[in-house]
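# 3D model of this:
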Amino acid sequence: MTLRIGDSAPDFTAMSTVGPINLYDYIGESWLVLFSHPKDFTPVCTTEMVRMEQLTSEFEKRNVKLLGLSVDTVDDHRRWAIDIARVNGKEPSFPLIGDNDLAVAKLYGMLPSDSAGDSSKRTAADNKTVRTVLVIGPDKTIKAIIGYPMSTGRNFVEVLRLIDSLQMTAEHAVATPADWRQGEDVIILPAIGEEEARQRFPNGWRAPLPYMRYVPQPA
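Prediction:
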């Protein structure tokens, strides 16, 4: 199964560190970051779990829930959480899905559909494609997909920036330019004609090119 931006996020029910979770029920009216790992007890993934816990309050400010996943058992996750607390001083406060039967990884196209075997005998290299960030909106559609190699830790501050852009552009007829950050100018969508643009942005805009119309970030 190949998932693309704009697709409905496949629903599932799975065991987690907080008990059974149904994806759609868990999302509710919130946004969701689903981030997956190749293997528990691996160094780069441990740093990522620490960082996500440190940023939890930032995601909460944006009405974003977090959900982790790896091809391991829930018991593995709970033991791993102890290691994470040794580094961070705190265990993860968000749920981790136990996907030892590979069902969710295959449902989301992170592993080939014919993948099989005992998760305890699979290495991180076997699961290297299970290293994805998906942003899912309250409408249960996929808004963004980011894949990383095992050797590169993810930049979760960039995920926050991405969510800021997604949430703002979902409400206003604008897009965000390269390297945009909160408070900086945004771009009027090309599909917005001059007359509509004047109604939406009565204070005007600056246009270094006819199709590149900058305005202050909407409130």
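# tell me which element the residue located most distally from the centre of the chain is part of?
Computed with CA atoms, centre = their mean, the residue of the chain farthest from its C-alpha average is Glu195, at 36.3 Å. Assessed by DSSP states H and E, Glu195 sits inside helix 194-200.
# just checking, what packs against the following helix or strand past that helix?
For helix 194-200, the following helix or strand on the C-terminal side (DSSP H and E) is strand 206-209. Packed against strand 206-209, as judged by 3 or more CB pairs under 8 Å, 6 or more residues apart in numbering; DSSP states H and E, are the following elements: strand 212-215. Backbone N, C-alpha and C define where each C-beta goes, glycine included.
# who does the strand it packs on touch, helix- and strand-wise?
strand 186-188, strand 206-209.
# which regions of this structure lie under the pLDDT threshold?
Under the criterion of pLDDT under 70, the regions of the chain flagged as low confidence span 1, 117.
# so where do the helices sit in it?
Chain-ordered helices for the chain, with DSSP state H as the definition, fall at 23-27, 43-54, 56-61, 74-88, 103-107, 156-171, 194-200.
# right, and those helices - which one's nearest Ser16?
Go through the helices of the chain one by one with CB to CB and the one that ends up closest to Ser16 is helix 74-88, at 6.6 Å.
# residues of that closest one that come out buried?
Buried residues in helix 74-88, counted by 16 or more other CB atoms under 10 Å: Val74, Asp76, His77, Trp80, Ala81, Ile84, Asn88.
# turn those residues into a markdown table, including distance to Ile21.
As requested, these are exported to a markdown table (distance: CB to CB, whole Å):
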| residue | distance to Ile21 |
| --- | --- |
| Val74 | 11 |
| Asp76 | 17 |
| His77 | 13 |
| Trp80 | 18 |
| Ala81 | 16 |
| Ile84 | 19 |
| Asn88 | 23 |
